[in-house]
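Q: Provide a 3D model corresponding to the input given below.
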Amino acid sequence: MGGTGNGGPGGAHDAGTDSGSGTGGQPASDAARSDAPGAGGSGVTDGGATRDAAPERSDDARTTDDAGAAAWLFTSGNRLYRGATVFRGRGANLHDTRSCNACAYAAPNVAEINRRADELVDRWKANFIRLDLESSPSADNRVQWQGVLDDPSYQADIQNIVSHVASKGAYVLLSLWIEPTTTVNELPTDATFAVWRKLADLFKNEPRVLFGITNEPRNDPDDTVWAAMNDAAAAIREVEAQSGTPQHIIAVQGTQQWGRRLDYYLTHPITAAGGTNIVYETHVYDPASEFNGLFEVPGQTLPVIIGEFGEQDADALMQRAEAAEIPYLAWSFHGRCPPNLLVDNSGGGCGVGMDLVPTAFGQKLKTRLATPW
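A: Numbers count the residues shown, from 1 in each chain. I've put the predicted structure just below:
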């Protein structure tokens, strides 16, 4: 999702009509996935800590009674794990207090974001949220606009929201959604690395946080995108190494077509700090005929997550992502940032306190989340 409420497929997402080049088909069988814990290995490592071998499949990962090391996620082969089990994360994108620019002209209201998180986790049964961080290069009449490095109160608000979601046992993919320090094609720069060093330090002790480097890279050569992602990951790993904390999961975004394409990473995986605990994020606003190329084939080799998807063939996407053991996050838990999961009951305003009623798209997600995976 590249804009502030006015991008998207069919006029909603600024990826326009770009699509992948998949050829259709189904994911590989579990029998072929021999690189997971319990599938012939003797344990995997997470930043130096050995994990015991374990079965690949699991019940819903959403729990609230674990603590410490048990909550940290890690990768092994083409899977994302939580302890001994595959992490079956699913949920939606949730905006910060700027709220896809809808609330940027008013004072921040953390309680409203936490209320929406309560709805998404407690009633819709999500166990995974992508928290979209939104900053602007100048105020332009906004009350909220400064970035992480320049607004300590914004830092505190993000920490409050993350802590609230984590207290429910859910996981947060903390993503720089709109970030002035990135290039016009949304590649991280040296200034973005500084933002990530700060975020990595703020959340170094929070096991339920994942780091999403940027939003939707586009129009740059694959190797240029790769280098920027690798350097950003290295900046995060430096902070973790200095603090002596475990590695967080880092999500690097697709190199082409607004974050869609993961092909280059198949032969050029991230290498920063040994390339451990990296997942590869795609955004899918495409028909089911493209799913094989966008996430099923990459997911046979790499740990993949779907960071955004829209209403088109949403039921098929959720079904096929689950069959491939790929976590997924719908766009977006909002009424004015299409494609919307919520009915716009804001009266054209910020939406504080509005009834959180699912759209038809939202109901599809809510129904799926209520179904065991």
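Q: any chance you could map the helices in this structure?
A: Under the criterion DSSP state H, helices of the chain are mapped to 110-118, 152-167, 190-202, 222-243, 263-267, 291, 314-323, 360-369.
Q: quick check: mean pLDDT across stretch 111-128?
A: Taken as a whole, stretch 111-128 has a mean pLDDT of 98.
Q: what stretches of the protein score poorly on pLDDT?
A: Applying pLDDT under 70 to the chain flags the ranges 1-69.
Q: what segments of it are strands?
A: Taking DSSP state E as the criterion, the chain carries its strands at 44-46, 49-51, 73-76, 79-82, 85-86, 90-95, 128-134, 171-178, 209-212, 250-253, 278-284, 304-309, 328-330.
Q: how about these in CSV, adding mean neighbour count and distance to D150?
A: In short, each C-beta sits where N, CA and C put it, glycine included. Below are the strands of the chain laid out as CSV (neighbours: other Cβ atoms under 10 Å; distance: least, Cβ to Cβ, whole Å):
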stretch, mean neighbour count, distance to D150
strand 44-46, 18, 33
strand 49-51, 13, 36
strand 73-76, 24, 30
strand 79-82, 24, 33
strand 85-86, 20, 39
strand 90-95, 26, 19
strand 128-134, 25, 13
strand 171-178, 26, 14
strand 209-212, 24, 20
strand 250-253, 27, 24
strand 278-284, 26, 26
strand 304-309, 28, 26
strand 328-330, 28, 28
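Q: distance to L120 added to those, as a markdown table?
A: Formatted as a markdown table, those follow (distance: least, Cβ to Cβ, whole Å):
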| stretch | distance to L120 |
| --- | --- |
| strand 44-46 | 28 |
| strand 49-51 | 30 |
| strand 73-76 | 19 |
| strand 79-82 | 19 |
| strand 85-86 | 22 |
| strand 90-95 | 6 |
| strand 128-134 | 7 |
| strand 171-178 | 11 |
| strand 209-212 | 17 |
| strand 250-253 | 19 |
| strand 278-284 | 19 |
| strand 304-309 | 15 |
| strand 328-330 | 10 |
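Q: right, and those - which one's nearest D223?
A: For D223, the closest of the strands of the chain is strand 250-253, at 13.6 Å, according to Cβ to Cβ.
Q: the closest one pairs with which strands, parallel or anti?
A: As defined by DSSP bridges, the strand partners of strand 250-253 come to strand 209-212 (parallel), strand 278-284 (parallel).
Q: quick one: closest of the ones you listed to C103.
A: Of those, nearest to C103 by Cβ to Cβ is strand 209-212, at 21.3 Å.
Q: does S243 touch D201 like I think?
A: Yes. Between S243 and D201 there is a contact under Cβ atoms under 8 Å: 7.1 Å.
Q: the more surrounded of those two?
A: Between S243 and D201, counted using other Cβ atoms under 10 Å, D201 has the larger neighbour count: 15 against 12.
Q: state the distance from that one to T359.
A: 38 Å (Cβ to Cβ, to the nearest Å).
Q: what does F74 give?
A: Relative to T359, F74 is positioned 35 Å away (criterion: Cβ to Cβ).
Q: next: V343.
A: Going from V343 to T359 by Cβ to Cβ gives 6 Å.
Q: and for N101?
A: From N101 to T359 the distance is 20 Å (Cβ to Cβ).
Q: those two - which one has more neighbours?
A: Per other Cβ under 10 Å, whichever of N101 and T359 has more neighbours is N101, with 20 against 17.
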